Each structure stands twice: as structure tokens, then as C-alpha cells.
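*Asks:* Okay, structure incoming, though there's no sequence with it:
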């Protein structure tokens with residue numbers, strides 16, 4: 001069995017209610033990015049457990065400051081193979097398996113290598129055990145080459161994984177959401193080959209089972 005190590009992701013253990021402070025006229029104030037930080041459909045869905053009174057004296061908001069909308073982020077546990085070929089992220093709601101493209105496909109290809117089918121089948125079996133009926137299959141590339149080529153390749157790879165999953169996943173009424181995002185939503189630095197390797201990936205996400 002490959003050695004594994006637990007990683008504290010950039011998001012870390014983040015189950016706290018986060019209330020940002022925006023100060024009018026301060027140099028550190030900034031608007032939210034127009035582009036989402038995670039692929040559409042993967043945002044945390046939890047609601048704030050308590051109401052926050054923006055006038056509470058204990059908040060000690062600087063003069064002229066306002067309270068930003070409350071955000072609740074899921075607690076995420078991440079386990080990654082020592083070589084980084086497979087990454088598992090679990091929250092209270094979902095399981096996400098990220099497979100580096102190199103372990104599934106030859107370079108610049110969407111045709112499976114000899115080991116790919118067994119990896120996908122193992123994930124399909126877990127999906128069956130969880131009785132999941134909604135599954136996301138998202139493909140990603142690094143920032144090398146044109147954006148449009150990356151878009152096409154990432155979608156083709158997501159389609160290939162989807163097709164293989166349908167051979168194993170037997171839950172009735174299952175719905176797949178299959179997308180290709182090219183170089184969008186990197187999880188590592190594209191300035192290094194190690195980072196680009198992590199960004200070239202296919203993610204399979206499904207709800208956690210009751211057990």
C-alpha cells in the first residue's frame with residue numbers, strides 16, 4: 001500500500017463562521033473577485049448557525065467599517081498519496097477524488113492507459129456504496145498551451161472518466177454533471193512542473209453516504 005500523509009490544505013480545517021471586515025477607504029479593502037474561487041456547483045452549502053449582530057460592541061469594528069456577509073466554510077480533510085497521484089478530500093457533505101491526468105492518460109490525450117479503468121472502477125464501487133445519485137466529473141489542465149485547447153482536452157478527459165464510471169455505477173436515477181475547465185481553478189502553482197502536474201487532473205465528486 002502506498003504511504004499516505006495528511007495535508008492541511010490552504011482551506012485548512014475551516015468550519016468556523018467567518019465574518020469579514022470591510023473598512024471604507026482603507027488600503028486593504030478589496031472587492032470580491034468576479035470569478036468564483038471554486039467551480040460552479042461546488043460551493044459550500046451550509047448556512048450560518050447563528051445570527052451575527054453587526055452592532056455588537058464586542059466586534060470592535062473600526063470606525064467607518066462595515067460587516068461583510070457571513071460565510072460558512074465546510075471542514076475539509078485531505079489525504080494525498082505520497083506521489084500526489086490521487087487526492088481525496090472529504091467534507092461533512094461530499095467526497096471528492098482528484099486523479100492526476102498522468103495516471104489516467106498519455107500526454108495530451110484523452111485515451112485511457114492500461115491502469116486507468118481499475119482506478120475509475122474503484123471509485124465507482126465507492127459511489128455505489130454511498131448510494132449517490134448526483135455525481136460531478138470535472139476536468140482541468142495546467143496553463144500551458146492555449147486556453148481553448150485546454151478546454152477541449154479537459155472536457156474530453158472528463159467525458160472518458162464519465163463513460164467508464166457508467167460501467168460501474170448502478171444506482172438508479174443517477175445524474176452526472178460533466179464539465180471541462182481548462183486551466184481555470186488551479187490547486188497548485190503553475191510556475192513549477194510539480195504544480196502543473198497537480199493542476200492536470202480529473203475530479204470526481206459525490207455526496208457522502210450515511211455510513
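*Replies:* All right, it came through fine. What you see is a predicted model, and the numbers here were worked out from it, not measured in a lab.
*Asks:* Okay, now the unreliable bits of this structure?
*Replies:* Counting by pLDDT under 70, the chain has low-confidence residues at 1-36, 44-50, 54, 70-76, 81-83, 210-211.
*Asks:* hey, where'd the helices end up in it?
*Replies:* Here the chain has its helices, by DSSP state H, at 116-130, 147-168, 193-199.
*Asks:* Just tell me which of the ones you listed ends up closest to residue 57.
*Replies:* Checking the helices of the chain against residue 57 by CB to CB gives helix 193-199 as the closest, at 45.0 Å. Bear in mind the C-beta positions are built from the backbone N, C-alpha and C, glycine included.
*Asks:* Return the set of buried residues in the closest one.
*Replies:* Residues of helix 193-199 classed as buried by neighbour count (16 or more other CB atoms under 10 Å): 196-199.
*Asks:* So which of the helices of the chain is nearest residue 65?
*Replies:* Proximity to residue 65 (CB to CB) singles out helix 193-199 among the helices of the chain, at 36.0 Å.
*Asks:* Pull the distance from the closest one to the chain's centre.
*Replies:* Computed by CA atoms, centre = their mean, to the nearest Å, the chain-centroid distance of helix 193-199 equals 15 Å.
*Asks:* need the contact list for the closest residue to residue 186 other than its chain neighbours.
*Replies:* Nearest non-adjacent residue to residue 186, counting by CB to CB, 6 or more residues apart in numbering: residue 199, 4.6 Å away. Counting by CB atoms under 8 Å, 6 or more residues apart in numbering, residue 199 touches 140-143, 183, 186-188, 190.
*Asks:* wait, which of the residues you listed is closest to residue 55?
*Replies:* Checking the contacts of residue 199 against residue 55 by CB to CB gives residue 187 as the nearest, at 39.1 Å.
*Asks:* What residues does the residue nearest to the closest one when sequence neighbours are not counted make contact with?
*Replies:* Spatially, and ignoring its direct neighbours in sequence, residue 187 is nearest to residue 198 (5.8 Å; CB to CB, 6+ apart). Counting by CB under 8 Å, 6+ apart, residue 198 makes contact with 84, 100, 187-188.
*Asks:* hmm, back to that, now the contacts of residue 199 in a markdown table, with neighbour count?
*Replies:* Shown next, in a markdown table, are the contacts of residue 199 (neighbours: other CB atoms under 10 Å):
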| residue | neighbour count |
| --- | --- |
| 140 | 27 |
| 141 | 27 |
| 142 | 20 |
| 143 | 15 |
| 183 | 20 |
| 186 | 18 |
| 187 | 15 |
| 188 | 16 |
| 190 | 15 |
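*Asks:* of those, closest to residue 105?
*Replies:* For these, the closest approach to residue 105 (CB to CB) belongs to residue 141, at 11.1 Å.
*Asks:* Next one: that closest one from residue 156, what distance?
*Replies:* 11 Å (CB to CB, to the nearest Å).
*Asks:* same question, residue 115
*Replies:* Distance from residue 115 to residue 156, by CB to CB: 19 Å.
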